[in-house]
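**Q** Need a 3D model of the sequence below.
(2 chains)
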Amino acid sequence: MKKTQNHVTRDTVTKHETRVMEAMDLAVGYGRKTVVAGINQEMLKGQFICLLGPNGSGKTTILRTLSRLLSPLKGAVYLNGRMLNDLNSVELAKALAVVLTERLSPGLITAFEFSAMGRHPYTGFLGRLSEEDIRKTEEALLLVNAGDISDRYFNELSDGERQKVILARALAQEPEVIVLDEPTLHLDLKHRIELIAILRRFSREKGITVIVSLHDVDIALKIAETVILVKDGTITECGPPEEVVKEETIARLYDLNYAHYSNCLGAMELKANGDGAAVYVVAGGGTGTAVYRLLSKHGFNIITGVIHENDIDCHVARSIGAKVISEKPFGNIRKGKLHRSFAFLEKAECLIDSGFPIGPSNRRNLKLVLKAIERKKRVYTLRHRKPAGDLFGECAQELFYCQGVTSVLKELAKRDP
Amino acid sequence: MTKYFSLYIIFLVFLGFFLVLNIAVGSVNISFPDACKIIFQHITDSTNGAIIWKIRLPRALATALCGACLATAGLLLQVFFRNPIVGPYILGISSGAALMVALVMLGGLSIGIFGIHPFLISIAAFAGALGVVLIILTVAARIKNIITLLVIGLMMGYLCHAVTSVLIAFAEEKKLKGFVLWQMGSFSGFCWDEVCLVSIMGGLLLFGAYLLCKPLNAFLLGEDYAKSMGVNIMVFRLLIVTFSSALAGMVTAFAGPVAFIGLAVPHMARLALGTSDNRILIPGAALLGAIVTSLCDLIARILFSPVELPISAITAFFGAPIVIGLLLRRRAAI
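**A** Numbers count the residues shown, from 1 in each chain, chains lettered A, B, ... in the order given. Next comes the predicted model:
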């Protein structure tokens, strides 16, 4: 196994030359029922492969077939050029380890003993651990940051710690491929991230091919070198996420009607532009995101603009489903756009000034605030009195000053007596 | 490792203590020094000598051995089925044995035979146990799911039980008493030939069971993980069913069904040794099984002496509360 500390780029190139596993015309399922068919996929050394898809799409079935816990219905899986079914059980165990979803309750077994079970294919008839076995187990525990819990009983560990020990067991098996079925299930955010980081270490430092199914789409797209999208009995897309995953891809994969995946943000936003009171938000430079999320959470109908298309506020507002009046990137706001905004402002009950930074390109947005005051609409601002006075002059006295986003909400609640 | 070793020593001391107690105490009390003298000087001509050499010593040895066999069989099956309430009779072994014994004792099979030789009952019991095991093995080779195997075992038990109860319904009353007593189990009446047989068979089977400890450990994580670690599930399944059934079947053949030891002792051993590692647990469970069974047999003999209580009554009466207490105090499933 190569150390990859120094020549990361070169190593990434070389490791991808060797093919470890390959599925050819594979159909997977139970008995006569085919779940997913037509799988052709090569898996390279050290590659991080991620399966995405809704529940019941067949991710688990694919993973179980790849690890020979299920027989293929058609086609075959090759491991280092040999058909999976031709390997004897110990040969397979030395090349492939699994992490499954079933909840384990091994009884009075310490974390160390649990991990040491990974040495099973290497130990003798009675399973006595050699010094090398003990060393490898300890190394595996250290690599998953579980060195400190090795003497505790497995059953007494938290979910996050357990999952790390389960990973250590798989690592102690010294496999070329690790197949994991939803390893982040039941974990909190910290352990989720830690687990993914450990998996990345497996693939980068140890050159292990990691094949994993995940539910966290955002994390998966950021970490995986290859994603396989599974839906309705076929593989819909397959390749580097940067190429194959478009904004609609994720929405279509999970049939999302009420949420939007933003590729640029790399996260989901709930589509929730309510049919409550219309509120006009003047924002920019990221000052609007919290306002949008809060308003949409409470069912307000959000109109916002004028925002430049390269502004993060624009991405968030669109993901949420707000009405957005946008301007081209880096250009000054044109009069036409401003007048369209005025038209929308008429529909709104009130206006929120998010305290956006002002520069030459968005100076015209200030006129929206003045216009709202002129039309006798309530204007809430997140600015302090002093800078507001500098910007709006006498009109500044008409503003409602709010400290923080939540106080805007309180003020909004007061508006109808 | 030294921790386990010292625990083994403690177990051995206890076992020795109960063996001697079983030899010395009974309806005829023989003082401890006398008992030692009789054993070590091999005195057989006195009355006490005859009691010890012909009755008590073979019985004490057989009791300890049978206890070890039952506990080990129970442990194997508990790990295999990943279920803490499984015992050695779960696969219908005792029911099969009971059916054959009922056929011999109550049914027409004994017609033409003068009286019923005790050895005949043993043979019938073993044949019954073996028959059920063979059916289970045939099924085990075909099905995929372990739980299905468990259910089939239970169903076999019910079927055998049904036939037995039909036989009981038609049986004569005086024959019935003998059968009911057999069903409750007893270690009385062991002769040296039987002890030799049990020692050889039991010793081999216990050793064989110990050799299964590595795949058994892998099985602690469930069948899928065991498979992924290189355990050949089909071979292993046949071995487990064969060994555990042979152990339990052998005991049933000589002593009748002895309840509870196989179910409770593995839990006690797990808690006493503080591990589920079968390499340590199998010898521990065997020793503890011998100790607990010896103790129970002692109580069965002396509690209402000279009337001897059925062993299953004692094992359940004392063991069940102990297991419940142990498990409540510390959550230790399989």
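**Q** Distance check, residue A:216 against chain B.
**A** As defined by C-beta to the nearest C-beta, to the nearest Å, residue A:216 lies at a distance of 24 Å from chain B. C-beta here means a position set from N, CA and C on the backbone, and glycine is covered the same way.
**Q** could you list every residue that touches that residue?
**A** Going by C-beta atoms under 8 Å, 6 or more residues apart in numbering or on different chains, residue A:216 touches A:184, A:192.
**Q** With residue A:297 instead?
**A** Per C-beta under 8 Å, 6+ apart, neighbours of residue A:297: residue A:272.
**Q** tell me which parts of the stretch 1-150 of chain B are close to chain A?
**A** Applying C-beta under 8 Å from any C-beta of the partner chain, we find that the stretch 1-150 of chain B lies next to chain A at residue B:82.
**Q** Okay, helices next: where are they in the stretch 1-150 of chain B?
**A** Assigned by DSSP state H, counting those that start in this stretch, the stretch 1-150 of chain B shows helices spanning B:2-24, B:32-40, B:47-50, B:57-81, B:93-105, B:118-140, B:146-169.
**Q** okay, these in CSV with distance to residue A:114, mean pLDDT and mean neighbour count next?
**A** Listed next are the helices of the stretch 1-150 of chain B as CSV, based on distance: least, C-beta to C-beta, whole Å; pLDDT from 0 to 100; neighbours: other C-beta atoms under 10 Å in any protein chain shown:
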stretch, distance to residue A:114, mean pLDDT, mean neighbour count
helix B:2-24, 18, 91, 15
helix B:32-40, 47, 81, 15
helix B:47-50, 55, 84, 14
helix B:57-81, 15, 92, 27
helix B:93-105, 32, 87, 27
helix B:118-140, 28, 83, 19
helix B:146-169, 21, 88, 16
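**Q** The ones you listed: which one's closest to residue B:200?
**A** helix B:57-81 (10.3 Å; C-beta to C-beta).
**Q** Which one of the residues in the stretch 51-200 of chain B is closest to chain A?
**A** Nearest to chain A, among the residues of the stretch 51-200 of chain B, is residue B:82, at 8.0 Å (C-beta to the nearest C-beta).
**Q** how far away is that residue from residue A:257?
**A** Separation of residue B:82 from residue A:257 (C-beta to C-beta, to the nearest Å): 42 Å.
**Q** Residue A:291 contacts residue A:280, doesn't it?
**A** No. Using C-beta atoms under 8 Å, residue A:291 makes no contact with residue A:280, being 11.1 Å away.
**Q** Pick out whichever of residue B:82 and residue A:257 has more residues nearby.
**A** More neighbours surround residue B:82 than the other of residue B:82 and residue A:257, with 19 against 8 (other C-beta atoms under 10 Å in any protein chain shown).
**Q** and that one, what is it in contact with?
**A** Going by C-beta under 8 Å, 6+ apart, residue B:82 touches A:105, B:146, B:219, B:222, B:334.
**Q** State the pLDDT value of it.
**A** We note a pLDDT of 81 for residue B:82 in this prediction.
**Q** which SS class is residue A:71?
**A** Classification of residue A:71 by DSSP: H, G, I helix; E, B strand; the rest coil places it in coil.
**Q** What count of nearby residues applies to it?
**A** 13.
**Q** how near is it to chain B?
**A** Counting by C-beta to the nearest C-beta, the gap from residue A:71 to chain B is 11 Å.
**Q** Is that residue in contact with residue A:64, as I believe?
**A** No. Applying C-beta under 8 Å, one finds residue A:71 not in contact with residue A:64, separated by 9.8 Å.
**Q** circling back: overlap in contacts of residue A:291 and residue A:280?
**A** residue A:352.
**Q** rewinding a little: output the helices of the stretch 1-150 of chain B as TSV; include the columns distance to residue B:302.
**A** Formatted as TSV, the helices of the stretch 1-150 of chain B follow (distance: least, C-beta to C-beta, whole Å):
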stretch	distance to residue B:302
helix B:2-24	10
helix B:32-40	15
helix B:47-50	17
helix B:57-81	13
helix B:93-105	26
helix B:118-140	24
helix B:146-169	31
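**Q** Any idea which of the ones you listed gets closest to residue A:268?
**A** Once the helices of the stretch 1-150 of chain B are compared by C-beta to C-beta, helix B:146-169 is nearest, at 39.2 Å.
**Q** Work out the gap between that closest one and the centre of the chain.
**A** 19 Å (C-alpha atoms, centre = their mean, to the nearest Å).
**Q** Write out the residues of the stretch 151-300 of chain A neighbouring chain B.
**A** Near chain B, when you scan the stretch 151-300 of chain A using C-beta under 8 Å from any C-beta, you find A:155, A:173.
**Q** mind listing the strands for the stretch 151-300 of chain A?
**A** A:177-181, A:209-213, A:226-231, A:234-239, A:259-262, A:267-270, A:278-282 (DSSP state E, counting those that start in this stretch).
**Q** ok, which pair from the contacts of residue B:82 is furthest apart?
**A** Among these, A:105 and B:146 lie farthest apart (C-beta to C-beta), at 15.2 Å.
**Q** Quick one: closest of the helices of the stretch 1-150 of chain B to residue A:327.
**A** With C-beta to C-beta as the measure, helix B:146-169 is the member of the helices of the stretch 1-150 of chain B nearest residue A:327 (65.0 Å).
**Q** Output the closest one as PDB, restricted to C-alpha atoms.
**A** Extracted C-alpha coordinates of helix B:146-169, given in PDB (Å, rounded to 0.1, in the frame of the first residue of the first chain):
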ATOM      1  CA  ILE B 146     -32.200 -19.300  10.800                       C
ATOM      2  CA  ILE B 147     -35.400 -18.200  12.500                       C
ATOM      3  CA  THR B 148     -37.300 -20.500  10.200                       C
ATOM      4  CA  LEU B 149     -35.200 -23.400  11.500                       C
ATOM      5  CA  LEU B 150     -36.100 -22.300  15.100                       C
ATOM      6  CA  VAL B 151     -39.800 -22.300  14.200                       C
ATOM      7  CA  ILE B 152     -39.500 -25.700  12.500                       C
ATOM      8  CA  GLY B 153     -37.900 -27.100  15.700                       C
ATOM      9  CA  LEU B 154     -40.700 -25.700  17.800                       C
ATOM     10  CA  MET B 155     -43.300 -27.200  15.500                       C
ATOM     11  CA  MET B 156     -41.600 -30.600  15.600                       C
ATOM     12  CA  GLY B 157     -41.800 -30.400  19.300                       C
ATOM     13  CA  TYR B 158     -45.500 -29.700  19.200                       C
ATOM     14  CA  LEU B 159     -46.100 -32.600  16.800                       C
ATOM     15  CA  CYS B 160     -44.200 -35.100  18.900                       C
ATOM     16  CA  HIS B 161     -45.900 -33.800  22.000                       C
ATOM     17  CA  ALA B 162     -49.300 -34.200  20.400                       C
ATOM     18  CA  VAL B 163     -48.600 -37.900  19.600                       C
ATOM     19  CA  THR B 164     -47.300 -38.400  23.100                       C
ATOM     20  CA  SER B 165     -50.400 -37.000  24.600                       C
ATOM     21  CA  VAL B 166     -52.500 -39.300  22.500                       C
ATOM     22  CA  LEU B 167     -50.500 -42.300  23.800                       C
ATOM     23  CA  ILE B 168     -50.900 -41.000  27.400                       C
ATOM     24  CA  ALA B 169     -54.600 -40.800  26.900                       C
END
